[in-house]
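K.L.:
okay, predicted coordinates and the sequence, questions at the end:
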Amino acid sequence: MTLIKPLTACVALQGILRPNMWGRSIVHSSMNAEWSSPVSAARTNPVFEYDRLLKSSQQRFPGMRKVDWSMRILQTAVLYFLLVFSAGFVLGTGRVLFLVPLLGERTVELLEMPLMLIVIVSAARWTVRHRLDDRRLISTFSVGFIAMGLVLIADLTVGMLLRGMSAAEVFLSRDSVTGAAYYASLVLFAAMPALLARLPGT
């Protein structure tokens, strides 16, 4: 009885390790099938590993989720600001060099407002579609108002360093008509990501 059990185990092991018709053992074939499966290939992908580690870290440390959300919102706001500010810089340069001597500053600034509105809508739509996964109001308003703060900082920097103006002069020396239109466009600039995120087609 004691000799039958080892003999049975040897026969079973020999059957498992016996080469199949392709000349490979069953164990070797099953190991190759496991490593060549799509799931195993995905697990060896560095992007998959990074996402897995990031989710694991966020589950262990809930504070990291807030930090990650804040960084994404900040990066999106900076990109939104750069898109609009660069277009405004180009339009403003052409306005000052070519149109202001011909038409006057107030007229040219009022003519520039519709163009800047088109730029704002286009930049906000692109940002919401391609960079803003979180469509909640807190996220969209955060992006817009952070970007508006960056615009005000840029205006203050340009006015004080390049034009020699004080901080009060930068914000209060505008014409009453063009100044009201400018600050109204700033409010639209801040609210546009939230407004477009509510639209179903965006």
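P.N.:
Happy to help now that I have it.

K.L.:
list the contacts for Phe145?
P.N.:
Listed by Cβ atoms under 8 Å, 6 or more residues apart in numbering, the contact set of Phe145 reads Ala190. Just so you know, the C-beta spots here come from the backbone N, C-alpha and C atoms, and that holds for glycine as well.

K.L.:
in which helix or strand does it reside?
P.N.:
Here Phe145 sits within helix 137-161, counting by DSSP states H and E.

K.L.:
confidence score at the nearest residue to Leu196 once chain neighbours are set aside?
P.N.:
Using Cβ to Cβ, 6 or more residues apart in numbering and skipping residues adjacent in sequence, the residue nearest Leu196 is Thr202, 4.7 Å away. In this model, Thr202 is scored at 70, pLDDT.

K.L.:
how many residues are close by Thr202?
P.N.:
Thr202 has 15 neighbours, counted by other Cβ atoms under 10 Å.

K.L.:
which parts of stretch 158-165 are buried?
P.N.:
For stretch 158-165, the neighbour count (16 or more other Cβ atoms under 10 Å) marks 159, 165 as buried.

K.L.:
need the contact list for the closest residue to Met148 other than its chain neighbours.
P.N.:
Leaving aside its chain neighbours, Met148 sits nearest to Ala190 (4.0 Å; criterion: Cβ to Cβ, 6+ apart). Ala190 makes contact with 141, 144-145, 147-148, according to Cβ under 8 Å, 6+ apart.

K.L.:
change it to 6 Å
P.N.:
The contact partners of Ala190, by Cβ atoms under 6 Å, 6 or more residues apart in numbering, come to 144-145, 148.

K.L.:
show me what the longest helix belonging to the chain is packed against.
P.N.:
Using DSSP state H, we find that the single longest helix of the chain is helix 63-94. Identification of packing neighbours for helix 63-94 by 3 or more Cβ pairs under 6 Å, 6 or more residues apart in numbering; DSSP states H and E yields helix 46-60, helix 105-130, helix 137-161.

K.L.:
any chance of those in JSON lines, plus distance to Ser176 and mean pLDDT?
P.N.:
Output for the helices and strands packed on helix 63-94, formatted as JSON lines (distance: least, Cβ to Cβ, whole Å; pLDDT from 0 to 100):
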{"stretch": "helix 46-60", "distance to Ser176": "51", "mean pLDDT": "57"}
{"stretch": "helix 105-130", "distance to Ser176": "10", "mean pLDDT": "95"}
{"stretch": "helix 137-161", "distance to Ser176": "18", "mean pLDDT": "95"}
